[in-house]
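> got a structure for you, letters missing:
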């Protein structure tokens, strides 16, 4: 297998002497004498074991140096605590594969890759723009691997029978479809909804949906101050007009307001993913990787995938997604092999194998330049280019804050301004713990 320029740069500057030299030689020549140079590497990650294991098996057929790389799936909620315990007992894995949603909690357990090893120019020229969320003081926390963008799934049968030829490309046009698609009883009970928005606990991926809406209105959700303190930023301030965060919150919650023409969802309905599966929901916002589950769960469901809607006035596109990276934890027994494994798996061949095995998009710009024939993959590849994330507290804590914010509005307990401000302060407190 021929080494890429990126891999040559990374390995060449890592400074591990003859060991790396032998590895590079073996990689260039494809000589099996380099098979054991990586050695045993244990990866802990939050992606499904089935997908990652399938990728490793296939990749090992073309690159036998990966034959001693193994994968252990971890629950995202327990990953940080499990890693802390493993480090304390000398049983740390060699690599951690997780998204930016776990990064803030994991950072204290990760050994950053210095800018002398991975320069900013190489990083930005090689990976999707959203991968910059893994920037660390003086380097990067990890090597980006895969991207799972939030996309729009749509029921073709419902849209076509409602006289709608194409799925909505903007949020404004989506809102206008509610009267044509949603079916309500005379007492305003929802028999069929357009889309699941407005509530939180029964909206699958509500955290990602709200994050997308904030990012699309140039609200960063979290940001560093000049003094280096990480705080929440939900767009509570504006020099003129309605603050952007209030606009996002008002837009989202309108779909659960029975007094509005956009009413199409409420808290009494089942989980939105299940509603879409049984044909009671025309549109569903989910991650690209969910396409395989939806097909398997209901082979008769006539659905397709489209790009996430954007604001009609947006000058650039933004979407939220999960950006997965390989990170080297403290206490790794084989950090050299771990680094080599991460580098090899960003090669074009291995990236293509990984996307086929997992249903996610590659983080490599070189691979994204070739649009795949599969329609779901084509949408995922396109969106991966502008997928972004933000440094958040643990997902369960973020859910608690966002759920409280939404419930405070739809119940009438707090105004948009008060609910948004309370959520911003709560997120900041969590980020600064």
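Looks like it came in fine. Note that the structure is a prediction, hence the values are computed from the model and not measured.

> tell me the pLDDT at residue 226?
Predicted confidence (pLDDT) for residue 226: 88.

> next one: stretch 199-206 to chain centre, how far?
Centre-to-centre, stretch 199-206 and its host chain are 16 Å apart (CA atoms, centre = their mean, to the nearest Å).

> likewise stretch 49-66?
Put simply, stretch 49-66 sits 22 Å off its chain's centre (CA atoms, centre = their mean).

> same check, this time on stretch 77-92
Computed by CA atoms, centre = their mean, the chain-centroid distance of stretch 77-92 equals 23 Å.

> pull out the buried positions in that stretch.
By neighbour count on 16 or more other CB atoms under 10 Å, the buried set for stretch 77-92 is 79-80, 82-84, 86-87, 92. From N, CA and C alone the C-beta is placed, and that goes for glycine too.

> switch those residues over to TSV; also include pLDDT, secondary structure and distance to residue 246.
Below are the buried residues of stretch 77-92 laid out as TSV (pLDDT from 0 to 100; DSSP: H, G, I helix; E, B strand; the rest coil; distance: CB to CB, whole Å):
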residue	pLDDT	secondary structure	distance to residue 246
79	97	helix	34
80	97	helix	33
82	98	helix	39
83	98	helix	38
84	98	helix	38
86	98	helix	44
87	98	helix	43
92	98	coil	45
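
> using the centroid of the chain, identify the residue furthest from it.
The C-alpha centroid of the chain is most remote from residue 186, which lies 40.1 Å away (CA atoms, centre = their mean).

> residue contacts, residue 56?
66, 69-71 (CB atoms under 8 Å, 6 or more residues apart in numbering).

> most neighbours of all the residues you listed, which one?
residue 69 (24 neighbours; other CB atoms under 10 Å).

> skipping adjacent residues, who's closest to that one in space?
Leaving aside its sequence neighbours, residue 69 sits nearest to residue 41 (CB to CB, 6 or more residues apart in numbering; 4.6 Å).

> tell me how far that neighbour lies from residue 336.
As judged by CB to CB, to the nearest Å, residue 41 and residue 336 stand 10 Å apart.

> same check on residue 412?
59 Å.

> sec struct for the closest residue to residue 350 other than its chain neighbours, please.
Nearest non-adjacent residue to residue 350, counting by CB to CB, 6+ apart: residue 59, 5.1 Å away. Secondary structure, DSSP: H, G, I helix; E, B strand; the rest coil: residue 59 is helix.

> residues near residue 59, how many?
Neighbours of residue 59 (other CB under 10 Å): 24.

> look up the pLDDT of it for me, please.
96.

> wouldn't it be in contact with residue 346 here?
No. Counting by CB atoms under 8 Å, residue 59 stays clear of residue 346, with 11.7 Å between them.

> between the two, what contacts are shared?
Joint contacts of residue 59 and residue 346 (CB under 8 Å, 6+ apart) do not exist.

> still on that earlier bit, between residue 412 and residue 336, who's got more neighbours?
residue 336 (19 against 7).

> isn't there a helix covering the more buried one?
Yes. Using three-state DSSP, the assignment for residue 336 is a helix.

> got the domain ranges for this protein?
Listed by automatic domain parsing, the domain ranges of the chain are 5-147+321-388, 149-320+390-431.

> could you tell me the end-to-end distance of the longest one?
The reference is to domain 149-320+390-431. End-to-end distance of domain 149-320+390-431: 24 Å, with CA to CA, to the nearest Å as the criterion.
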